[in-house]
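> Test case, fold it:
(2 chains)
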Amino acid sequence: MSDMDDMDDDMSGNSGEAAFEGEDLGLDLLEEELRRAAAILDPVPPELRQIAVEAFALHDLDAQIAELTFDSMVDAIPVRGATDVPRMLTFHAGGVTVDVELTVRGLMGQVLPPQTAGVEVLSGPVSGSPLETDAMGRFTYDRPPAGPFALRLRTDEGVLVTDWLTA
Amino acid sequence: MDRADVGALVQSAADGDAAAWKALVEGLSPLVWSVVRSHRLSEADAHEVYQTAWFRFAQHLGRIREPEKAGSWLASTARHECLKVLKSLRRLTPTDDPQLLDRVSEDRTPEQSILDLEEAAAETERIRRVWQEFEELGDRCRQLLRVLMSSPPPSYQEVSVALGIAVGSIGPLRQRCLRRLRARLEARGAV
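Reported below is the predicted structural model:
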């Protein structure tokens, strides 16, 4: 955030904080010009807008949300020099914990307490490929998510959907 | 978007009204996109974060405590995802990323083509110059202005959560950044 420091250099004459008479209007107009420029030169890509419209299908009040409670990307101290470190995620909903390890090869996880559960890897508002955990609650998915993803799980406690994450 | 409207639309969408959801997407997409853009992610990451924010919003719809602040909710979610992506990337694009300047000249949106077709060449030129000078501002000003220029204009509350800066400092920072932009334009003889 260094550019605030050099900011006053080329602000000769009106670098003070107080706006002079009529200046606010000029700045408002400039902001409005920027708004028009953004609408023309950097608008929301139409395909993204469409995806957001379709995302309404993800609205499901019957599913419980399994909240992200640990993300190694944020909560862990990186190992110096280590690359391709798996990303560890933990989600919680009620009494159920879901541990997930995300690597370049795909994802592995475990539902705790150990149980047989149905797992679906979601990548958007269409249903994902169904998986089943083993008796220990473990599952493997051999394709790395190529975008936003979430897991939908049918567990002893009902249907859970994890928070969406950017892979 | 008007807060009362947003609150009502969130309520309707939570009750299953797809048209209300669509109105929310129309009204709040530019804000989400602006927040993502202000963090200068790669094109692919920007697209992902935008989607993650909306997927989360759809998922949490009906569970959001203050529906009238859905804009802030989305802005804050987008910011957090942006920061995560930036943290995960050491391959962060440098600020003199030539792709951003190319975009001004090459990726022509339909609106831009129309502008070109009409006799608004001077207007197009002006907008291009404003944009170019904006792109060359320092990180912090560029970030603030990119969020402020979303359409409709965001509330300061939304800007605050989008960028993690206090509401009270937005006004003064905005003035400084706009003055700075104007000074650049003046120096180029573009005013």
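
> Identify the residues contacting A:A135.
Residues near A:A135 by C-beta atoms under 8 Å, 6 or more residues apart in numbering or on different chains: A:P114, A:Q115, A:T116. (Each C-beta comes from the backbone N, C-alpha and C, glycine too.)

> wait, is it part of a strand?
No: using DSSP: H, G, I helix; E, B strand; the rest coil, the secondary structure at A:A135 is coil, not a strand.

> So for it, what's the pLDDT?
For A:A135, the pLDDT comes out at 94.

> lowest-pLDDT helix or strand in chain B?
helix B:98-105 (a mean of 43; mean pLDDT, DSSP states H and E).

> actually chain A, not the one I typed
Ranking every helix and strand in chain A by mean pLDDT, DSSP H and E puts helix A:72-75 at the bottom, with a mean of 84.

> Just the CA atoms from it would do, formatted as PDB, please.
Taking C-alpha atoms only, helix A:72-75 is exported to PDB below (Å, rounded to 0.1, in the frame of the first residue of the first chain):
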ATOM      1  CA  SER A  72      -4.800 -24.800   5.600                       C
ATOM      2  CA  MET A  73      -4.600 -22.000   3.000                       C
ATOM      3  CA  VAL A  74      -5.600 -19.500   5.700                       C
ATOM      4  CA  ASP A  75      -5.000 -21.200   9.100                       C
END
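
> What is the distance between the following helix or strand past it and the centre of its chain?
Going down the chain from helix A:72-75, the next helix or strand is strand A:87-93, by DSSP states H and E. Put simply, strand A:87-93 sits 13 Å off its chain's centre (C-alpha atoms, centre = their mean, to the nearest Å).

> Strand A:87-93 pairs with which strands?
With DSSP bridges as the test, strand A:87-93 is paired with strand A:64-71 (antiparallel), strand A:96-102 (antiparallel).

> What ranges does chain A have for its helices?
Assigned by DSSP state H, the helices in chain A fall at A:23-41, A:46-54, A:72-75.

> so which of those helices comes closest to B:V35?
Nearest to B:V35, of all the helices of chain A, is helix A:23-41, at 12.4 Å by C-beta to C-beta.

> Give me the buried positions along the closest one.
Within helix A:23-41, the residues that count as buried by 16 or more other C-beta atoms under 10 Å in any protein chain shown are A:L27, A:L30, A:E31, A:E33, A:L34, A:R35, A:R36, A:A37, A:A38, A:A39, A:I40, A:L41.

> Give me the subset of the residues you listed that also touch chain B.
With C-beta under 8 Å from any C-beta of the partner chain as the criterion, the buried residues of helix A:23-41 include A:L27, A:L30, A:E31, A:E33, A:L34, A:R35, A:R36, A:A37, A:A38, A:A39, A:I40, A:L41 near chain B.
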